[in-house]
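structure for this input, please:
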Amino acid sequence: MPSIQTRHLRWIVGLLLLAFCPVLAHAQQKRLNVLFIAVDDMNNDLACYGVPIVKSPNIDRLAARGVKFDRAYCQYPLCSPSRTSLMTGLRPDTTRVYDLKTHFRKNIPDVVTIGQMFKAAGYFSGRVGKIYHYGNPGDIGTSGLDDPATWDQFVNPAGRDKTALEKDVINYTPKRGLGSSVSFLSDKAGKDEEHTDGKVATEAIKMLRAHKDKPFFIAAGFYKPHCPYISPSKYFEKYSINDVLLPRVADDFRASVPPLALASTKPWPLVGVSPEHAREAKLAYYAAISFVDAQIGRILDEVDRLGLWDNTVVVFWSDHGYQLGEHGLWFKQSLFEEAARVPMIIVTPNNGAVAGKVSRRTVELVDLYPTLADLTGVTPPRGLEGFSLKPLLTDPDASWDHPAYTQVQRAGGKMGRSVRTERWRYTEWGPEGRAGAQLYDHDTDPHELTNLAADPAHAPNVAEMKKLLRDVSAKPQAKAQN
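Below you'll find the model as predicted:
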């Protein structure tokens, strides 16, 4: 029989457990949320990335609150392959998604997506707008190539830019569909909230309010600045055409690169539009950035009002970059820096020591999946092909030896593969680079204007970069598992 002292001790412990049970339960409910903010076709032309002409105050304030990744790269500079890679944590050679038509479930039916991982852990998983691929603007208002297994709830907004204004768009490439056109419109009558991206913000705010008291993974996918560059007139008025310039392309540049390097823009240069029309379109693209930035600001204001910063990870990302005349190119699908590089910002709770810091390590969109699992303590599936960025969120200058890989497929199945280190970019076209190669030294040539691949003095650098490309290609492809 227990002694009086033992029984007394048990009684005290029992009282303490009763007293602390509500506290423990509350702590369990305070698992970190994830707010996942995506934009479509946005490059790094943002004030916080050193382009002060662009008015992006809300993305800038997000950067001031978190860690901004200066060298973040997509795995494929086209919407569906890039988004598939990010959401599955697998590289395009594993998902085998290289186009805008193939759904990843056809190739890897049992893969566990980010949203599925959180659902299995008891989170609410919700989507508003474009996260997986939608034809933009064709599929606005539909689910496109969405993955129902990822979400508990989804919303597909459609605003006046889709329902009322497409017929009025100025299109300088009339033989191209609106989804791949140099086209724009300044909407003099519509309000922000009437446009698709305004509706994305409104619906995302509703979702935050409805699920603020339990763990959530909420993805808000904006459609701009993807073409056609449509936004309310007040955003066009933020810019002067006199300040919008095109990059100069040297007369001998075209001869210095493999033909496949420029094959994303036909006709070259500038899809055949005049420099004057290209400048108008570039201004409209910047107006669309400012418009979507304002909608992101509405969501961030709601995070303020709901007091969610203390238990929410906020991620901002674009699916790939975008050429605006660099190298004579327009749109995406190149392996130059402007198309491969993306804006990426991560804000974590209680990160005051690193708020506003910049990480110049080479990171990838495929890293986001393992990073979110690591930050939230949720167990990820095996076989993810990225790396957790958590060390860089503690120390943005921490040691990091992971290069970034981007690839794109040309007509006839010829693949271009590019590897980026902190100093070098090396690209090969076709098997073993038989269709050409490029090497750029970002210490001296940040705009990638001088191809060093054939320079004997840089043969050791080419050999080193070739090995990096072979290393990633030689890795056994991941076995996506539940």
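
the longest strand seen in the chain packs against which elements?
When the chain is parsed with DSSP state E, its longest strand is strand 216-225. When contacts are defined as 3 or more Cβ pairs under 8 Å, 6 or more residues apart in numbering; DSSP states H and E, strand 216-225 packs onto strand 33-40, helix 114-120, strand 124-129, helix 196-211, helix 275-306. The C-beta positions use only the backbone N, C-alpha and C, and glycine is treated the same way.

export it as CSV, just CAs?
What follows is strand 216-225, C-alpha atoms only, in CSV (Å, rounded to 0.1, in the frame of the first residue of the first chain):
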residue,chain,number,x,y,z
PHE,A,216,-4.0,25.9,-41.9
PHE,A,217,-2.2,25.8,-45.2
ILE,A,218,-3.8,28.5,-47.3
ALA,A,219,-2.6,29.2,-50.8
ALA,A,220,-3.5,32.4,-52.5
GLY,A,221,-2.6,32.2,-56.2
PHE,A,222,-2.6,35.5,-58.1
TYR,A,223,-2.9,35.7,-62.0
LYS,A,224,-0.9,38.8,-62.6
PRO,A,225,1.4,40.1,-64.0
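
next, the angle from it to strand 124-129.
Relative orientation of strand 216-225 versus strand 124-129 (axes from the mean of the first three to the mean of the last three Cα atoms, to 10 degrees): 10 degrees.

hmm, residue 384 is touching residue 369, no?
Yes - between residue 384 and residue 369 there is a contact under Cβ atoms under 8 Å: 5.6 Å.

between these two, which contacts overlap?
Shared contacts of residue 384 and residue 369, defined by Cβ atoms under 8 Å, 6 or more residues apart in numbering, comprise residue 89.

in its sheet, what does whatever helix or strand residue 426 lives in sit against?
Using DSSP states H and E, residue 426 sits in strand 424-429. Sheet partners assigned to strand 424-429 using DSSP bridges are listed as strand 415-420 (antiparallel), strand 437-441 (antiparallel).

who wins for proximity to residue 135 among those?
The closest of the strands paired with strand 424-429 to residue 135 is strand 415-420. By Cβ to Cβ, the value is 23.7 Å.

about what we covered before: off-centre distance for the strand holding residue 426?
How far strand 424-429 lies from its chain's middle: 22 Å, per Cα atoms, centre = their mean, to the nearest Å.

what residues does it touch?
So strand 424-429 is in contact with 258, 260-261, 335, 337, 410, 414-419, 435-442, 448, 453, 461-462, 465-466, 468-469, going by Cβ under 8 Å, 6+ apart.

whichever of the residues you listed end up buried, select them in PyMOL.
This is how PyMOL selects the buried members of these, with burial counted by 16 or more other Cβ atoms under 10 Å:
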select buried, resi 258+260+261+335+337+410+415+416+417+418+419+435+436+437+438+439+440+442+448+453+461+462+465+466+468+469
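
who has more neighbours, residue 384 and residue 369?
residue 369 (25 against 20; other Cβ atoms under 10 Å).

and the more buried one, what pLDDT?
Looking at residue 369, its pLDDT stands at 98.

tell me if it really is in a helix.
Yes - counting by DSSP: H, G, I helix; E, B strand; the rest coil, residue 369 is part of a helix.

any idea how far residue 420 is from it?
Residue 369 sits 20 Å away from residue 420 when distances are taken as Cβ to Cβ, to the nearest Å.
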